[in-house]
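Participant: 3D, please:
(2 chains)
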Number of protein chains: 2
Amino acid sequence: MLDLDIQIPAVPQRSYRVRIGSGLLGSLLDAVGADLPKRAQFVVTDGNVADAGLLDSLLAGRDVPTFVIDPPGEQSKHIQTVVAIIEAMEKAFLGRDTVVLALGGGTVGDIAAFAASIFKRGVPVVQIPTTTLAQADSAIGGKTGVDSSVSKNAFGTFWHPAAVYVDVDTLETLDEREFRSGLVESVKHAVIADKGYVEFLEGQLDAILARDPAVLQTVAEKNCRIKGRVVAIDPDEKNMRRMLNYGHTIGHAVESASDYQLLHGEAVGIGMVGAGLIEIEMGLGRPERLERIRALFERLGVPTRIPPSIRAEQVARLLGHDKKAIDKWPKFVLTNGFGQVYRQEGQWAVDVGRDIVEKVLGQMY
Amino acid sequence: MLDLDIQIPAVPQRSYRVRIGSGLLGSLLDAVGADLPKRAQFVVTDGNVADAGLLDSLLAGRDVPTFVIDPPGEQSKHIQTVVAIIEAMEKAFLGRDTVVLALGGGTVGDIAAFAASIFKRGVPVVQIPTTTLAQADSAIGGKTGVDSSVSKNAFGTFWHPAAVYVDVDTLETLDEREFRSGLVESVKHAVIADKGYVEFLEGQLDAILARDPAVLQTVAEKNCRIKGRVVAIDPDEKNMRRMLNYGHTIGHAVESASDYQLLHGEAVGIGMVGAGLIEIEMGLGRPERLERIRALFERLGVPTRIPPSIRAEQVARLLGHDKKAIDKWPKFVLTNGFGQVYRQEGQWAVDVGRDIVEKVLGQMY
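Facilitator: The predicted model follows:
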């Protein structure tokens, strides 16, 4: 018997740049070419983004091989779409010297980055998020994935982007419901990380809803700073990164129970109200703080209650299937003040008794 | 316009253990359980390995969820097998707290490790190689992948194993052709890295072919030390790791031209002879060194010439498609002495003119 230890050295210090602005799209291929020279470019987008004219703005008349995900949305978020993307890349004679550009919302970003991460053992991906949700959240952080026939994100990798370009002009064409629901993740960032950001949102929400480019850039900046800081400390979600799941535990269960009729941001908003009620129940939060969050959601026009078609028992049952559940009952991310995540023994997700959750679910109608 | 830099810290120093011995299989589930406690185990193997009794030896009567790749071999090395594995894991209610055990040859290892690398953003894999090829080469180094309808290893990741268990007893049931051809990678390691190992192989080849367990353990140790050292320095094949592709440039082309009727090791042996002829042509090697390599291959009973059914023009054309080809003509790994890889300007794979390669191909019949 003999034992050998093989050292895998730490990967070199990696970082990536998030560029935020307006009017970036038209010169973006050049910028990517400058950052990642000698790499063939390949664009992944979907029909909605193309119909909104954003693909044309990006290509600006150039002939770059492109894959348009069809149909757009969650229903294409499965492994066969990834297989089709990779075979399209091969048919375009692309190799390891390729960079994938993901132009679109969270679904496009998840699918395209996953494809990039497994194409010939991994090629870089550049995220170009075009929704409030993706600009606030999914474009940063390196989580990729697609669904199996059994569960969401059954297939996936951690694959950090080589760069992120946030062009707030791309939000102009977004429909109102998607625009507003995506802002819930901004409220989430404010609540978990930055009291001043809560106050900024309270003061600037009308300008945000009017899609003022300067204010939208500030929102993007605040989101990227907050998420970037957390992801840099805990890229693979061993612990601290879990704070970003605030509102997502009940949120995911409600989203699933609605059969994805609720948008992700809408479900997270409901979940944040649930987390706030748990905090009150556990003596961590005061009702006035929850009221300020609820007021923001009401101005956003997103739901703050579980839709009556969804039964509390159903939500409780789905919570037991949460992917972060240990022993089939999940831990919860909670706050005990704006910008203060509550920790127990160094853990960013903590135990909450089933009785408390069930009581709170009853209050959410 | 605003630029933010997000730091992705280096992953913590990682290492993994290669355990080499005989009679390891029966207690291996316990050993993995001790090394990776609180992880549910999932075994991936194939019909050949199961028929040889190795799956029963591993399980030793325990009820561990298992996926048997069917049919065994290269024809199952595609993405749909990976989809089937992952859906089987989900149906067995496995989550992120799983460890995948890959019991088999290189194909099983490649498929199982790829599945592990993309299951819920990655779970550990333990490699249990059961062929001379996998024990010498593929089980160590973290390359995973499956083929698309267009090319080999179109899908893949770098995913280093959590541990490798080399039980030389598993080689007892291997058929003679597979046993012998897999030893070509051992000759390759000796040629590129260790003159003493060349002499060891020359002296011990009869004992190796008689499958003497003690000598096979020494062979495994030498292979793992050589490959482990290279992989530790260059895990993602940026440069130095390319030396492991010695003989593989012409080898892959010949393997492909044979429509995979040649085994991988057989094709690499032919490719090593080609590399040796190029070295002579370029004044890097003497004919006596190549003769020693050829003599080892003849004792192994593997081919040293391109089969007459494959035309030299076909091999030259396929070389232009090599995945490591820049501008459609590959670079070659060459040696200028036993244990000495020839480098040009710090590069481990160097330019060789098309005329030289075509001349050499003409000498290989």
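Participant: use CA for all of it now, contacts and neighbours both
Facilitator: Noted.
Participant: Report the backbone C-alpha coordinates of stretch A:230-240 in PDB.
Facilitator: The C-alpha trace of stretch A:230-240 is given here as PDB (Å, rounded to 0.1, in the frame of the first residue of the first chain):
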ATOM      1  CA  VAL A 230     -20.200  38.600  -1.300                       C
ATOM      2  CA  VAL A 231     -19.300  36.500  -4.300                       C
ATOM      3  CA  ALA A 232     -15.600  37.400  -4.000                       C
ATOM      4  CA  ILE A 233     -15.500  36.100  -0.500                       C
ATOM      5  CA  ASP A 234     -17.500  32.900  -1.100                       C
ATOM      6  CA  PRO A 235     -17.600  32.200  -4.800                       C
ATOM      7  CA  ASP A 236     -18.900  28.600  -4.500                       C
ATOM      8  CA  GLU A 237     -21.500  29.200  -1.800                       C
ATOM      9  CA  LYS A 238     -19.900  27.500   1.100                       C
ATOM     10  CA  ASN A 239     -21.400  29.900   3.600                       C
ATOM     11  CA  MET A 240     -21.600  33.700   3.400                       C
END
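Participant: can you tell me if it touches chain B.
Facilitator: Yes. Counting by C-alpha under 8 Å from any C-alpha of the partner chain, chain B is contacted by stretch A:230-240 at A:231-233, A:235.
Participant: Among the residues you listed, which one sits closest to chain B?
Facilitator: A:Ala232 (4.8 Å; C-alpha to the nearest C-alpha).
Participant: What about the closest residue to A:His321 other than its chain neighbours, how many residues nearby?
Facilitator: Leaving aside its chain neighbours, A:His321 sits nearest to A:Lys328 (6.2 Å; criterion: C-alpha to C-alpha, 6 or more residues apart in numbering or on different chains). Look at A:Lys328: counted by other C-alpha atoms under 10 Å in any protein chain shown, it has 14 neighbours.
Participant: measure A:Lys328 to chain B for me?
Facilitator: A:Lys328 sits at a distance of 11 Å from chain B (criterion: C-alpha to the nearest C-alpha, to the nearest Å).
Participant: picking that back up, of all the residues of stretch A:230-240 next to chain B, which comes closest to A:Met364?
Facilitator: A:Val231 (31.3 Å; C-alpha to C-alpha).
Participant: A:His321 looks like it's in a helix, true?
Facilitator: No. Assigned with DSSP: H, G, I helix; E, B strand; the rest coil, A:His321 falls outside any helix and is coil.
Participant: thinking again about what came up before, buried ones among the residues of stretch A:230-240 next to chain B?
Facilitator: Buried members of the residues of stretch A:230-240 next to chain B, counted by 16 or more other C-alpha atoms under 10 Å in any protein chain shown: A:231-233, A:235.
Participant: Tabulate those (a markdown table), appending pLDDT and secondary structure.
Facilitator: Formatted as a markdown table, these follow (pLDDT from 0 to 100; DSSP: H, G, I helix; E, B strand; the rest coil):
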| residue | pLDDT | secondary structure |
| --- | --- | --- |
| A:Val231 | 84 | helix |
| A:Ala232 | 81 | helix |
| A:Ile233 | 82 | helix |
| A:Pro235 | 78 | coil |
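Participant: Could I get those in CSV, plus columns for distance to B:Ala162?
Facilitator: As requested, those are exported to CSV (distance: C-alpha to C-alpha, whole Å):
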residue, distance to B:Ala162
A:Val231, 24
A:Ala232, 24
A:Ile233, 23
A:Pro235, 19
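Participant: Which of the helices or strands spans A:Arg19?
Facilitator: Applying DSSP states H and E as the criterion places A:Arg19 in strand A:14-21.
Participant: now do A:Tyr197
Facilitator: Going by DSSP H and E, A:Tyr197 is in helix A:195-209.
Participant: Could I get the buried residue list for that helix?
Facilitator: Buried-residue list, helix A:195-209, by 16+ other C-alpha under 10 Å: A:197-198, A:201-202, A:204-205, A:208-209.
Participant: Which of the residues you listed sits closest to B:Thr132?
Facilitator: Looking across the buried residues of helix A:195-209 and measuring by C-alpha to C-alpha, the closest to B:Thr132 is A:Tyr197, at 60.6 Å.
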